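**Q** show me how the following folds:
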Amino acid sequence: MLYRRKIYRYTKSQLSKLKFALGLNPKVEKSGENYEKFIPNPYKAVCLISADLEMAWAFRWSKSANNPIVLAEKNSILTRNNVPLILKLSEQFNIPITWATVGHLFLESCEKVNNVAHPDIKRLPYFENTNWKYESGDWFDSDPCTNYYKNPAWYAPDLLKMIIENPVKHEIGCHTFSHIDCSDSICSKEVFASEINKCKKLANEYDIELKSFVHPGFYIGHLDDLAEFGFTSYRTNYANELTFPRKNTSGLWEFRNTMEFSWRDGWSVNYHIKRYKTIIDRAIKYHKVCVFWFHPSLNPEFVTKVMPEVFAYLQSKSEEIICLTHYDYTKLLDSKGT
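**A** All right, here's what the predicted structure looks like:
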């Protein structure tokens, strides 16, 4: 099974290279709209970069791992190692990032009440989607209910402090409290509300107002509820696109992914760098919005060899492309009456 997955990933990466060479990936949207509605003068393009800060929470129901908890712990270690390096790079090149953060990571500690973890959070029913399978036990069975000294994979107040205190104006966004599937067919309004209310309460303790949302696993749902909770945007992954944002009927701005920051099997370091630089050039050429995103648990080689070159290139093009957080960009869009 593992061998087949490696072959699949390698084949996929090679096909992606071919599409890119043909100019088919990312897709450049052809629109008759005036780009000046979306791109602030005097710039030619906008770049948004966001990170899904999840630690162990994203992987505990993973279908792709023989032991999901081991994978969760491994990825949390990578995250803890990578985040300080990424923050140092963002400061060096003045690149703001929107950190879509799982709410539980705000906690320094937690404990069970009457033998129940987080009784204020409504539970999802058992379900299976393309990435996760939750079929037994309690949704919070993997939560150690201790503190970040004993179990740093499940808590991250120290990382949040690093992000908040970084000289660059980063944004803390929302990724639900416990990394749930937000699909309307799986997640009820009551479950969703309990998750978001808990996130907002914890963020408020850090003097943070949550405005930008990223659905875990890109399982999109509850858009009307997001608007009622005061969010202004969400991010989607339907296709790799250079495009303009769209405002939906709920009044939320939709940012469509252009490309993930990720290490690809079969790609050299130089090809990784060339790929991202070319996307930035295309965004500038066609006056589009470029949306990059990543998991902080990504391959360290990407962080140390690829990301510095991409961030440096963005800085070198700072007179043509402006890097913004999701919320700062929505404020700009709304101020223009777009």
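**Q** mind listing the helices for the stretch 51-200 of the chain?
**A** Using DSSP state H, counting those that start in this stretch, the helices of the stretch 51-200 of the chain run over 68-93, 157-165, 189-205.
**Q** figure out which of those is closest to Ile279.
**A** helix 68-93 (16.8 Å; C-beta to C-beta). Just so you know, the C-beta spots here come from the backbone N, C-alpha and C atoms, and that holds for glycine as well.
**Q** of the helices of the stretch 51-200 of the chain, which is nearest Asp138?
**A** Closest among the helices of the stretch 51-200 of the chain, using C-beta to C-beta: helix 189-205, at 13.6 Å.
**Q** buried set for the closest one?
**A** 191-192, 194-196, 198-200, 202-203 (16 or more other C-beta atoms under 10 Å).
**Q** now the helices of the stretch 51-200 of the chain in CSV, with mean pLDDT and distance to Thr146?
**A** Below are these laid out as CSV (pLDDT from 0 to 100; distance: least, C-beta to C-beta, whole Å):
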stretch, mean pLDDT, distance to Thr146
helix 68-93, 97, 14
helix 157-165, 98, 14
helix 189-205, 98, 17
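**Q** dump those helices into a markdown table; add distance to Phe294 as well.
**A** As requested, these are exported to a markdown table (distance: least, C-beta to C-beta, whole Å):
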| stretch | distance to Phe294 |
| --- | --- |
| helix 68-93 | 9 |
| helix 157-165 | 14 |
| helix 189-205 | 21 |
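**Q** and the spatially closest residue to Arg246 that is not a sequence neighbour, what does it touch?
**A** What sits nearest to Arg246 in space, not counting adjacent residues and going by C-beta to C-beta, 6 or more residues apart in numbering, is Glu254, at 4.7 Å. By C-beta atoms under 8 Å, 6 or more residues apart in numbering, the contact set of Glu254 is 233-236, 245-248.
**Q** quick one: which of those is nearest Ile284?
**A** For the contacts of Glu254, the nearest to Ile284 is Pro245 (17.2 Å; C-beta to C-beta).
**Q** quick check: bridge partners of the residue nearest to the closest one when sequence neighbours are not counted?
**A** Spatial nearest neighbour of Pro245, excluding adjacent residues (C-beta to C-beta, 6+ apart): Trp253 at 4.9 Å. Counting by DSSP bridges, Trp253 is bridged to Ser233, Lys247.
**Q** Trp253 and Leu210: what is the separation?
**A** 15 Å (C-beta to C-beta, to the nearest Å).
**Q** that older thread, nearest to Leu324, of the helices of the stretch 51-200 of the chain?
**A** helix 68-93 (13.0 Å).
**Q** mind checking which of Trp253 and Leu210 has more residues around it?
**A** Each of Trp253 and Leu210 had its neighbours counted (other C-beta atoms under 10 Å), and the higher figure belongs to Leu210 (24 against 21).
**Q** tell me the contacts of the more buried one?
**A** Leu210 neighbours (C-beta under 8 Å, 6+ apart): 172-174, 199-200, 203, 230-231.
**Q** again, only using 10 Å
**A** 100-101, 103, 171-175, 196, 199-200, 202-204, 229-232, 327 (C-beta atoms under 10 Å, 6 or more residues apart in numbering).
**Q** and for Phe231?
**A** 173-174, 196, 200, 210-213, 223, 225, 250-253, 326-327, 330.
**Q** what of Gly230?
**A** 196, 200, 209-211.
**Q** residues in contact with stretch 184-195: which ones?
**A** Stretch 184-195 is contacted from outside by 103, 118, 120-129, 134, 139, 174, 176-182, 215, 219-226, 228-229, using C-beta under 10 Å, 6+ apart.
**Q** swap in 7 Å and give it another go.
**A** 120-124, 127, 176-178, 180-182, 221-222, 225 (C-beta atoms under 7 Å, 6 or more residues apart in numbering).
**Q** between the two ends of that stretch, how far is it?
**A** 14 Å (C-alpha to C-alpha, to the nearest Å).
**Q** now it, how far from the chain's geometric center?
**A** When C-alpha coordinates are averaged (C-alpha atoms, centre = their mean, to the nearest Å), stretch 184-195 and its chain have centres 20 Å apart.
**Q** turn the contacts of Gly230 into JSON lines, including distance to Trp61.
**A** JSON lines is the format used below for the contacts of Gly230 (distance: C-beta to C-beta, whole Å):
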{"residue": "Ile196", "distance to Trp61": "20"}
{"residue": "Lys200", "distance to Trp61": "24"}
{"residue": "Glu209", "distance to Trp61": "30"}
{"residue": "Leu210", "distance to Trp61": "24"}
{"residue": "Lys211", "distance to Trp61": "28"}
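**Q** no more questions from me, cheers.
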